[in-house]
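Q: let's see this in three dimensions:
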Amino acid sequence: MTGFTVGFYWYQIGSGDFLNSFFSTVALRLEDGSWGSKFPVIMNELHQGKLSTDKVDNAMQELVQIKDKLKEVSLEQVVWDIEDLSKQPPWGNKISSDITDLSNYFVTSDGEDFIGIFENALKMAARMGKELKIESI
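A: Residues are numbered from 1 along each chain as shown. Alright, predicted model coming up:
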């Protein structure tokens, strides 16, 4: 199980493959395959496992842009793994009718909106003055 941690707070995401799908989709669909070119804080720094406190505000700004841009991307454009574009999500195209575009496609293993959880974790990091980490348990 993979999630974000801020101090002792845990924000459950789901599998590592699921989180990789978010990063892969952003890189290929929003950055034209040039990883970190448009969203360097999230795609380069956080993707490496942690985000320092001085970068949290930048990450929040990037996440707002990512969410807005993903609204323009159709569901069929999801990327499960940028290293192997033939891979597909384990659920295939069997998704809820509530999911209308890639801004609300990513749902955590708890059934929560991933981008909302990500926003909450960033807000907690800002409030506490702590770094945000990606961790697996």
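Q: give the contact list for residue 10.
A: 3-4 (C-beta atoms under 8 Å, 6 or more residues apart in numbering). For glycine as for every other residue, the C-beta is placed from the backbone atoms N, C-alpha and C.
Q: any idea which residue sits dead centre in this structure?
A: Geometric centre of the chain, nearest residue: residue 22, 4.6 Å, by C-alpha atoms, centre = their mean.
Q: who's in contact with the nearest residue to residue 88 once chain neighbours are set aside?
A: Spatial nearest neighbour of residue 88, excluding adjacent residues (C-beta to C-beta, 6 or more residues apart in numbering): residue 80 at 5.6 Å. With contacts defined as C-beta under 8 Å, 6+ apart, residue 80 is in contact with 17, 20-21, 24, 87-89.
Q: apply 6 Å and report the result again.
A: Neighbour list for residue 80: 21, 87-89 [criterion: C-beta atoms under 6 Å, 6 or more residues apart in numbering].
Q: what's the burial count for the residue nearest to residue 38 when sequence neighbours are not counted?
A: Distance criterion C-beta to C-beta, 6+ apart; nearest residue to residue 38, sequence neighbours excluded, is residue 31 at 4.8 Å. Residues lying near residue 31 (other C-beta atoms under 10 Å) number 17.
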